[in-house]
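# Prediction below, plus the sequence it came from.
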Amino acid sequence: MKMNKIYVAGPISGMSYDEVQKYFKTTSHKLEQLGYDVLTPMIGKSALRTELKLRTKDYTYPISTNHAIFGRDQWMVRQSDIILCNLENSGERVSIGSMMELAWASMLGKHIIVVLPKNNIHQHAFVLEAADIIYETYDEALEYLENLIKKI
């Protein structure tokens, strides 16, 4: 079975649109160069570019309503073979969206890679058990994903 569709999850709320887009675009580019088909929660969300800090709810843009975010992100997780959840830059706020994505992925039997540094706010039994593999750094996770797609 060819496993090459990957969903990239991670904290968004409280960050600027530019910060979030930079991370997802950079990560998408790296993974696409390796041969992955990449899905992220920020695809098609350019309407949010004027937001100073992204928030957790209540946007009125059609693609960013509460229901649209929930439904589309769940659909993207369902479509993916692998979930990369990078919790490296979480700050002091739990990413509820990322936790939902991990739960969906776990229930669907997806291959889950989590970047989770020591002393991170997301150090929790559910995260630790949902993850198939946990790395402390983003670079370690990318190296694993490179080896996985190259079958090294």
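That came through fine. Numbering: from 1, shown residues only.
# which helix is the longest one in this structure?
Secondary structure assigned by DSSP state H gives helix 17-34 as the longest helix of the chain.
# Averaged pLDDT, that helix. What do you get?
When pLDDT is averaged over helix 17-34, the result is 96.
# Who are the packing partners of it?
strand 5-9, strand 37-39, strand 82-86, helix 138-150 (3 or more Cβ pairs under 8 Å, 6 or more residues apart in numbering; DSSP states H and E). Heads up, the C-betas are built off the backbone N, CA and C, glycines and all.
# got those as CSV, with mean neighbour count columns?
Converted to CSV, the helices and strands packed on helix 17-34 look like this (neighbours: other Cβ atoms under 10 Å):
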stretch, mean neighbour count
strand 5-9, 23
strand 37-39, 18
strand 82-86, 25
helix 138-150, 16
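# What separation is there between R78 and D132?
17 Å (Cβ to Cβ, to the nearest Å).
# any weak-confidence spans in the protein?
1-3 (pLDDT under 70).
# change it to 80
Within the chain, the segments meeting pLDDT under 80 span 1-3, 52, 91.
# Good, wrapping up.
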